[in-house]
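Enquirer: coordinates for the following, if possible.
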Amino acid sequence: MSDHTHPPRRRHRGVAITTTLALGGAALFGAAAFASPAAAAPSGAAIDTVDYIEETYGVADSVVETVTFERFEWLLGQEGRFAFLVGGAADETTTASLATIDAAAKAAGVDQVFTFDPKLDGHSLDIRTTTNPDVAPLWTRVVANALSKDTQTPFDGTDDPYFFVYDKSHTEGGVEDRIVSALTAPVTSAQLADPAALAAYRTAVAGVFTAAGTLSESSQFAFTSSAVNAKHFKDYKGADAYGGPTILTDADSDWRVQTVTYPELVNLLESDGDFVLFFGGTWCHNTRAVLQHVNAEAVENDVEKVYFFDLRLDGASSNDLHIRDTGSEYADFYGDLVTKHLPNLVTQYVPKVSGQVDYYPGGDRGQALATAKKLQVPYVLEYERGRIVDGKAAPVVRQWIHDNGDGTYKEYMTEWWYVIDKPGRYTSPTDPGLANQLAFADEAIAALDTFFGDLGKDTTVDPTTPPTTPPATTPPATTPPTTPPTGEKPSDVLGTVAVSGDLRPGGTITVKGSGLAEGTSGFTVEIRSTPQTLGTVSTDASGAFTFTGKIPTSIPAGAHTIAVTIDGVTVASAAVTVQEAAAASQAGLADTGAGFVGPLTWAAIALLLAAAAVITIARVRSRSAA
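Expert: Numbers count the residues shown, from 1 in each chain. The predicted model follows:
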């Protein structure tokens with residue numbers, strides 16, 4: 001039996017009821033793949049929640065609710081009258097005023113005040129002041145489209161409100177007057193320590209609510225369902241083959257999936273308890289594929305909250321705001337978090353082989369680059385801070401991933417239409433590629449059932465140790481369709497690909513794609529004739545990507561093809577010639593055309609390539625100051 005310890009819990013608010021599903025074949029090697037012998041498990045165990053407002057500001061049972069940038073911008077475009085507090089824990093006015101605002105809201109019968117922190121990391125990345133060209137437009141956009149449309153207290157960079165009531169349809173004298181009532185003068189804790197000043201401030205806050213009249217409310221479900229359905233419809237135009245116009249309906253309104261900001265995620269990872277985390281985004285078609293089922297499993301197993309974090313800090317962009325990418329200026333937000341809090345995470349990517357995230361610890365470019373494991377989305381895991389297995393930190397209790405049985409893993413990236421048995425772009429119901437996709441989708445959903453059914457069990461589960469019994473079956477290989485793809489999905493877009501590097505067995509190559517679907521994940525880079533996967537990639541906002549990987553040592557010399565696929569459909573390819581391994585020392589690197597290269601020269605070239613890789617990976621520009 002492994003030695004395992006757990007930290008004390010601080011709160012238990014939901015009970016996960018253990019369920020059992022008889023699964024066969026590869027489905028058993030999803031969420032339940034990593035179970036190992038341990039002490040007898042109870043029939044059910046508590047899954048915890050965290051009250052971020054109470055832990056951060058000391059206000060219990062608050063009506064104040066955090067919102068991500070994506071939800072904040074969405075709310076500003078909704079009909080209704082909403083109260084907003086702009087600021088976070090690093091802002092003196094927010095920490096000084098939140099308790100008073102909360103008390104005044106309750107006294108006025110207001111059940112919801114939204115707080116948005118413009119410092120996306122909670123400390124330094126302030127969208128109001130940054131000069132980063134990917135981040136600065138966020139604040140410019142919400143000010144231009146919403147917050148500046150006011151007659152008396154517009155956001156104009158001078159005395160901007162920090163607490164206000166907003167109504168997109170409110171006018172004054174026929175002119176847009178969206179900020180109905182507001183406070184603009186900042187306050188500090190020192191000022192409010194004076195009883196008279198505190199009394200005056202309480203009156204001012206109450207006046208904001210009085211002037212606003214009846215306020216509206218908006219739920220997590222209203223936001224999530226709206227965002228998910230709108231993006232699904234935009235991508236697939238409501239075609240029946242892709243699942244029709246909607247994914248989430250009113251039948252899903254018992255909603256347990258709660259979006260969290262980066263500061264909330266850090267707080268949760270540093271809290272004692274047993275939590276369910278879900279990495280994904282409304283922008284991601286693979287996340288949309290399983291979001292409904294994740295929520296349904298939470299409801300069935302009485303899990304009060306599944307904490308949902310988007311690695312794209314604005315909920316959309318694949319530029320610097322996507323912190324899980326090596327190219328992001330803010331990759332340390334991801335790298336530091338994963339390295340510190342998720343040391344026993346397992347992923348489909350293999351660092352230094354098929355992919356990882358390189359980052360400067362703490363964002364300090366004076367330090368050497370570090371490497372973190374790269375997870376794909378969607379990704380669901382059970383987390384328990386302080387958990388120890390065999391003397392090592394193992395806070396990831398279990399995770400939703402397919403074990404290939406050979407020390408490698410496959411993440412559950414499927415599609416909504418396969419989950420509900422629709423054909424997507426496949427035009428023939430007998431196409432073997434469709435059968436493979438439907439089978440993998442079924443396995444993914446069955447594995448979610450197993451994952452949630454096993455939550456909270458007192459078992460020692462170590463995701464870094466492959467199971468001792470190989471899977472009864474292996475996941476079916478993706479087979480290209482026998483007929484051309486059809487449909488409206490943006491990833492149908494055909495592009496081009498260029499290959500360079502050391503074209504020999506075991507050699508490192510660079511694959512650059514362009515002209516593909518913009519901001520789309522799930523592309524696979526393969527070498528053929530017999531397809532072998534080199535890795536997976538996502539395109540940026542221009543539909544381009546750069547991938548570095550190794551040619552398998554088993555590849556014979558001769559003519560081959562580097563292909564880029566998505567869901568088994570080839571969207572770009574390039575012919576390449578792989579040299580004989582023994583002849584490589586005579587031919588030199590494929591791109592140079594050099595003659596004989598001796599051992600010392602090879603070493604020098606290796607150093608130069610390593611330096612070039614670091615330069616390519618690391619952006620030269622420094623982090624923007626807050």
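
Enquirer: all contacts plus neighbour counts: C-alpha atoms, from now on.
Expert: Will do.

Enquirer: could you chop this protein up by domain?
Expert: If you go by automatic domain parsing, the domain ranges for the chain are 52-218, 219-267+282-311+377-486, 490-595.

Enquirer: what comes into contact with stretch 526-535?
Expert: Defining contact as C-alpha atoms under 8 Å, 6 or more residues apart in numbering, one finds that stretch 526-535 is touched by 349, 354-355, 524-525, 549-551, 560-565.

Enquirer: got a winner among the residues you listed for most neighbours?
Expert: V564 (28 neighbours; other C-alpha atoms under 10 Å).

Enquirer: tell me the secondary structure for that residue?
Expert: strand (DSSP: H, G, I helix; E, B strand; the rest coil).

Enquirer: what's the answer for A581, then?
Expert: Following three-state DSSP, A581 is assigned to coil.

Enquirer: looking at the domains of the chain, which is buried most?
Expert: domain 219-267+282-311+377-486 (a mean of 20; mean count of other C-alpha atoms under 10 Å).

Enquirer: gap between it and the chain center?
Expert: Its chain's average C-alpha position is 12 Å from that of domain 219-267+282-311+377-486, according to C-alpha atoms, centre = their mean, to the nearest Å.

Enquirer: if we can go back for a sec, mean pLDDT for the domains of the chain: which is lowest?
Expert: Among these, domain 490-595 has the lowest mean pLDDT, at a mean of 78.

Enquirer: all strands for the stretch 151-300 of the chain, in order.
Expert: Secondary structure of the stretch 151-300 of the chain (DSSP state E, counting those that start in this stretch): strands at 163-167, 171-172, 175-176, 179-183, 257-259, 275-279.

Enquirer: I'd like those strands as TSV, with distance to T450 appended.
Expert: Shown next, in TSV, are the strands of the stretch 151-300 of the chain (distance: least, C-alpha to C-alpha, whole Å):
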stretch	distance to T450
strand 163-167	44
strand 171-172	53
strand 175-176	52
strand 179-183	48
strand 257-259	18
strand 275-279	14
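
Enquirer: how about the domains of the chain, which one is nearest L321?
Expert: Closest to L321 of these, according to C-alpha to C-alpha: domain 52-218, at 6.8 Å.

Enquirer: quick one: secondary structure of P137?
Expert: P137 - assigned by three-state DSSP - is helix.

Enquirer: just the CA atoms of stretch 241-259, as PDB, please.
Expert: Listed in PDB are the C-alpha atoms of stretch 241-259, where the atom choice follows Å, rounded to 0.1, in the frame of the first residue of the first chain:
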ATOM      1  CA  ALA A 241     -24.900  17.100 -39.000                       C
ATOM      2  CA  TYR A 242     -23.100  19.200 -36.400                       C
ATOM      3  CA  GLY A 243     -25.800  18.900 -33.700                       C
ATOM      4  CA  GLY A 244     -28.200  21.700 -34.700                       C
ATOM      5  CA  PRO A 245     -28.200  25.300 -33.400                       C
ATOM      6  CA  THR A 246     -27.800  24.800 -29.700                       C
ATOM      7  CA  ILE A 247     -25.800  22.700 -27.200                       C
ATOM      8  CA  LEU A 248     -27.200  23.900 -23.800                       C
ATOM      9  CA  THR A 249     -30.900  24.300 -23.200                       C
ATOM     10  CA  ASP A 250     -33.100  25.200 -20.200                       C
ATOM     11  CA  ALA A 251     -33.000  21.500 -19.200                       C
ATOM     12  CA  ASP A 252     -29.300  22.200 -18.200                       C
ATOM     13  CA  SER A 253     -30.200  25.200 -16.000                       C
ATOM     14  CA  ASP A 254     -29.200  23.400 -12.700                       C
ATOM     15  CA  TRP A 255     -25.700  24.700 -13.500                       C
ATOM     16  CA  ARG A 256     -22.700  23.700 -11.400                       C
ATOM     17  CA  VAL A 257     -19.800  24.800 -13.700                       C
ATOM     18  CA  GLN A 258     -18.400  28.100 -12.300                       C
ATOM     19  CA  THR A 259     -16.000  30.200 -14.300                       C
END
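
Enquirer: element containing G535?
Expert: In this assignment (DSSP states H and E), G535 forms part of strand 532-537.

Enquirer: what's the following helix or strand after that strand?
Expert: According to DSSP H and E, the helix or strand after strand 532-537 is strand 545-550.

Enquirer: who touches the closest residue to Y349 other than its chain neighbours in this structure?
Expert: Leaving aside its sequence neighbours, Y349 sits nearest to G355 (C-alpha to C-alpha, 6 or more residues apart in numbering; 5.2 Å). Residues counted as contacts of G355 (C-alpha under 8 Å, 6+ apart) are Y349, K374, G535, G549.

Enquirer: the lengthiest helix in the chain versus strand 275-279: what angle between them?
Expert: In the chain, with assignment by DSSP state H, the single longest helix is helix 432-453. With axes from the mean of the first three to the mean of the last three C-alpha atoms, to 10 degrees defining the directions, helix 432-453 sits at 150 degrees from strand 275-279.

Enquirer: fine by me, we can end here.
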